[in-house]
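**Q** sequence first, predicted coordinates after that:
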Amino acid sequence: MADLKNVDMGELGRHLFAKLLRCTASDGSLEDMMEYCEKKKSKYVDDMFPASKKSLINDWNDEADDIKEKVDEWSKFTWIRATDIEELNDDEG
């Protein structure tokens, strides 16, 4: 298992999100997703990775060392949308 103690988890999350968005945006699905959200007047929610603690760690009571070492830090994470990250937005939002 990789040692993640010195990894900037925010930066890692940003890279993972960007990669996931690129992977799922092929074959017109990005346009379809945006159109769906516009029609429903709602923001996109990824059913496979919802903004919940369970998306980070399936079982927060797991006694495995690699889980236990992350629980304190990861429990402090706050779910936000990309639009809430100023550095990712241009003048148009």
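**A** Received the coordinates, thanks. Numbers count the residues shown, from 1 in each chain.
**Q** return the helix or strand in the protein with minimum mean pLDDT.
**A** helix 9-24 (a mean of 76; mean pLDDT, DSSP states H and E).
**Q** tell me the helix or strand right after that helix.
**A** Scanning forward in sequence from helix 9-24 by DSSP states H and E, the next helix or strand is helix 29-40.
**Q** report the distance from that next one to the chain centre.
**A** 19 Å (C-alpha atoms, centre = their mean, to the nearest Å).
**Q** list the contacts of the helix or strand following that helix.
**A** For helix 29-40, the following helix or strand on the C-terminal side (DSSP H and E) is helix 53-56. Residues lying outside helix 53-56 but in contact with it, judged by C-beta atoms under 8 Å, 6 or more residues apart in numbering, are 49, 60, 74-75, 77. (Each C-beta comes from the backbone N, C-alpha and C, glycine too.)
**Q** the residue nearest the centre of the chain and Asp65, how far apart?
**A** Ranked by distance to the mean C-alpha position of the chain (C-alpha atoms, centre = their mean), the top residue is Phe17 at 5.5 Å. Going from Phe17 to Asp65 by C-beta to C-beta, to the nearest Å gives 27 Å.
**Q** what count of nearby residues applies to Glu38?
**A** 9 (other C-beta atoms under 10 Å).
**Q** next, the residue located most distally from the centre of the chain: phi, psi?
**A** Distance to the chain centre peaks in the chain at Glu63, reaching 24.3 Å (criterion: C-alpha atoms, centre = their mean). Main-chain torsions, Glu63, degrees, to the nearest 10: phi -90, psi 0.
**Q** pLDDT score for Asp62?
**A** As predicted, Asp62 sits at a pLDDT of 94.
**Q** can you check Ile80 too?
**A** The model's pLDDT for Ile80 equals 91.
**Q** next: the one 10 residues further on.
**A** Asp90 is assigned 74 on the pLDDT scale.
**Q** any buried residues in the least confident helix or strand of the chain, and which?
**A** Within helix 9-24, no residue qualifies as buried by neighbour count (16 or more other C-beta atoms under 10 Å).
**Q** domain assignment for the chain?
**A** Listed by automatic domain parsing, the domain ranges of the chain are 9-42, 50-93.
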